[in-house]
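Peer 1: dropping the sequence and predicted coords here.
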Amino acid sequence: MYRVKAVAEMFDVSVNTIYRAIESGELDAMKLGTGKGTIRIPGWALSVYAEKCSQAAYEAFVTGTESAAADDRDETAGEVA
């Protein structure tokens, strides 16, 4: 079980990003305790979330309009000979 802050540090994102992922259902978490309680994220949920993020990043790169070749061409576009 991981704290939200620890997960945010693992993924190098803000704590708010992790809370948004939990609220949207992209990342499974458990609320422990009564009242305000505390949020904990199981290890298996991190694996699932990381796989979803990887798949989304891959699809965005493959199907997106930008490509690595286009980025290489853009670097020389503004140079003056």
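Peer 2: Looks like it arrived, so ask away. Not measured: the values here are computed from a predicted model. Residues are numbered from 1 along each chain as shown.

Peer 1: C-alpha only now, for contacts and for neighbours.
Peer 2: OK.

Peer 1: so the spatially most central residue of the chain is in which element?
Peer 2: Nearest residue to the geometric centre of the chain (C-alpha atoms, centre = their mean): C53, 5.5 Å. Element membership for C53, per DSSP states H and E: helix 43-63.

Peer 1: which helices and strands does that helix pack with?
Peer 2: Under the contact criterion of 3 or more C-alpha pairs under 8 Å, 6 or more residues apart in numbering; DSSP states H and E, helix 43-63 touches no helix or strand at all.

Peer 1: please name the nearest non-neighbouring residue to G43.
Peer 2: Excluding the flanking residues, the one nearest G43 by C-alpha to C-alpha, 6 or more residues apart in numbering is M1, at 6.0 Å.

Peer 1: and for V4, the neighbour number?
Peer 2: Close neighbours of V4, defined as other C-alpha atoms under 10 Å, add up to 21.

Peer 1: from what I can see it touches P42, true?
Peer 2: No: with contact defined as C-alpha atoms under 8 Å, V4 does not count as touching P42 (10.5 Å).

Peer 1: how about the strands in the protein?
Peer 2: Ranges of strands in the chain, per DSSP state E, are 2-3, 30-32, 38-41.

Peer 1: deepest-packed of those strands, please.
Peer 2: Highest mean neighbour count among these (mean count of other C-alpha atoms under 10 Å): strand 38-41, with a mean of 16.

Peer 1: sheet-wise, list the partners of that one with their directions.
Peer 2: Strand pairing for strand 38-41, determined by DSSP bridges: strand 2-3 (antiparallel), strand 30-32 (antiparallel).

Peer 1: can you check which of these gets nearest to Y58?
Peer 2: strand 2-3 (26.3 Å; C-alpha to C-alpha).

Peer 1: no further questions, thank you.
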